[in-house]
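K.L.:
One predicted model, sequence on top.
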Amino acid sequence: MKHTRTAVLVKPDGLQRGLIGEIISRFERKGLKLVGLKMVNLTDEMLSQWYAEHKDKAFFGDLKSFMGSLPVVAMVWQGIDAVPVVRKLVGTTLGREAEAGSIRGDYGMSQQYNLIHASSSDEDAAREIKIIFDEQELADYSSVQDQVIYADYERG
């Protein structure tokens with residue numbers, strides 16, 4: 001089985017609310033492996049690349065302004081089916097409708113101030129990771145926990 005990577009951003013509102021540790025803890029408890037982590041101020045150019053699919057939408061300027069207002073905590077998580085697993089943990093976009101037990105369901109009320117970004121596909125994950133991380137900033141390592149998280153045939 002293929003272990004994939006996905007990008008996660010703790011947005012400015014998540015930073016302000018002190019939820020970074022809680023968010024990291026949820027992914028770790030699930031069994032995902034943290035392979036990249038840094039705090040970064042997203043530039044206008046980075047945000048234009050990140051949100052390219054929204055460039056013609058009315059909220060694009062406000063979105064870029066919000067996401068560039070404070071640093072974000074950027075992470076790369078790895079595991080089998082990392083993208084859908086992380087998206088399930090994050091919850092649906094609108095916080096007040098997000099599933100109880102998800103990050104947004106437990107801590108969010110807003111659509112824009114929804115605490116966290118998670119890649120929507122393997123292709124988006126690869127593109128997003130490259131916007132923020134250089135390859136040498138991503139760790140490739142074995143974890144002793146892999147032995148108790150995955151069966152032999154899943155570890156590949």
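P.N.:
Ah, there it is.

K.L.:
For the rest of this, base every contact and every neighbour count on C-alpha atoms.
P.N.:
Fine.

K.L.:
just checking, Glu128 is part of a strand?
P.N.:
No - counting by DSSP: H, G, I helix; E, B strand; the rest coil, Glu128 falls outside a strand, being helix.

K.L.:
which ones are touching it?
P.N.:
Contacts of Glu128 were listed using Cα atoms under 8 Å, 6 or more residues apart in numbering, and they are 7, 50, 119.

K.L.:
swap the cut-off to 7 Å and go again
P.N.:
7, 50 (Cα atoms under 7 Å, 6 or more residues apart in numbering).

K.L.:
Please report how far it lies from Val90.
P.N.:
According to Cα to Cα, to the nearest Å, Glu128 stands 17 Å off from Val90.

K.L.:
same deal with Val72?
P.N.:
Per Cα to Cα, Val72 is found 16 Å from Val90.

K.L.:
Same check on Met1?
P.N.:
23 Å.

K.L.:
Those two: which is more packed in?
P.N.:
When neighbours are counted by other Cα atoms under 10 Å, Val90 comes out ahead of the other of Met1 and Val90, with 27 against 10.

K.L.:
okay, now Gly21: neighbour count?
P.N.:
Gly21, neighbours per other Cα under 10 Å, totals 9.

K.L.:
And Asp146, by the same measure?
P.N.:
Neighbour number of Asp146 under other Cα under 10 Å is 16.

K.L.:
what's the burial count for the closest residue to it other than its chain neighbours?
P.N.:
Once flanking residues are discounted, Asp146 sits nearest to Arg155: 7.3 Å by Cα to Cα, 6 or more residues apart in numbering. Arg155 has 14 neighbouring residues, counting by other Cα under 10 Å.
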